[in-house]
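Student: Got a sequence here, can you build the structure:
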Amino acid sequence: MSTEDVAHSRLSRRRRANSPAGTKKRRDVWVTAEEEAALIGKAARQKVTVPNLLLTAALSESSETPTERRAAMAELMAIHTLLARVSNNVNQIARHANAGDEFPQDAKAALAYVREVAMRIDRTIEGLM
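Tutor: Numbering: from 1, shown residues only. Sure, this is the predicted structure:
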């Protein structure tokens, strides 16, 4: 076996390396047949075992909890409502500006608010990444 084959076999291991202290705790997880099929499929795509998939997903810092996802969705719904209100205000300003020659004084405030909402959207999207 060449050194390239040894390096490749170490990189493609499906099983975690043994811990020097040995296994300390065992956790049993009960899943439905559909959940089991989904776990097996995802583990196969990632070329890991199901226990390894569960462990890395649970301990990953970048994984998102359902609570965090619900909070992000609530934030996006609030932003959607804000944009609906802002678009209504912009339509009213445009209608007023088209009716006469003067540009409304509150247009600058409306545009500043649009920029604020746009920055809030950007922060929310960055938080989801």
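
Student: my guess is Leu39 contacts Ala57, does it?
Tutor: No: contact criterion CB atoms under 8 Å: Leu39 and Ala57 do not qualify, at 9.9 Å. No exception for glycine: its C-beta is placed from N, CA and C like everyone else's.

Student: Distance from the chain centre to the helix or strand harbouring Arg95, please.
Tutor: Using DSSP states H and E, Arg95 sits within helix 66-99. Taking the mean of its C-alpha atoms, helix 66-99 sits 21 Å from the chain's own mean (CA atoms, centre = their mean, to the nearest Å).

Student: Could I get the average pLDDT for it?
Tutor: The average of the pLDDT scores along helix 66-99 is 80.

Student: Tell me the buried residues in it?
Tutor: Within helix 66-99, the residues that count as buried by 16 or more other CB atoms under 10 Å are Glu75, Ile79, Leu82, Val86, Ile93.

Student: I'd like those residues as TSV, with distance to Asn52 appended.
Tutor: Formatted as TSV, those follow (distance: CB to CB, whole Å):
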residue	distance to Asn52
Glu75	33
Ile79	38
Leu82	43
Val86	48
Ile93	58
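
Student: Relative to Ala107, which of these is nearest.
Tutor: Closest to Ala107 out of the buried residues of helix 66-99 is Ile93 (5.1 Å), distances taken as CB to CB.

Student: all helices of the protein, in order?
Tutor: Ranges of helices in the chain, per DSSP state H, are 3-11, 33-46, 50-59, 66-99, 107-128.

Student: Are there helices or strands packed against the last one, and which ones?
Tutor: If you count contacts as 3 or more CB pairs under 8 Å, 6 or more residues apart in numbering; DSSP states H and E, helix 107-128 packs onto helix 66-99.

Student: The helix it packs on packs against which elements?
Tutor: Judged by 3+ CB pairs under 8 Å, 6+ apart, helix 66-99 is in contact with helix 107-128.

Student: quick one: average pLDDT of the helix it packs on?
Tutor: Confidence for helix 107-128, expressed as mean pLDDT, is 79.
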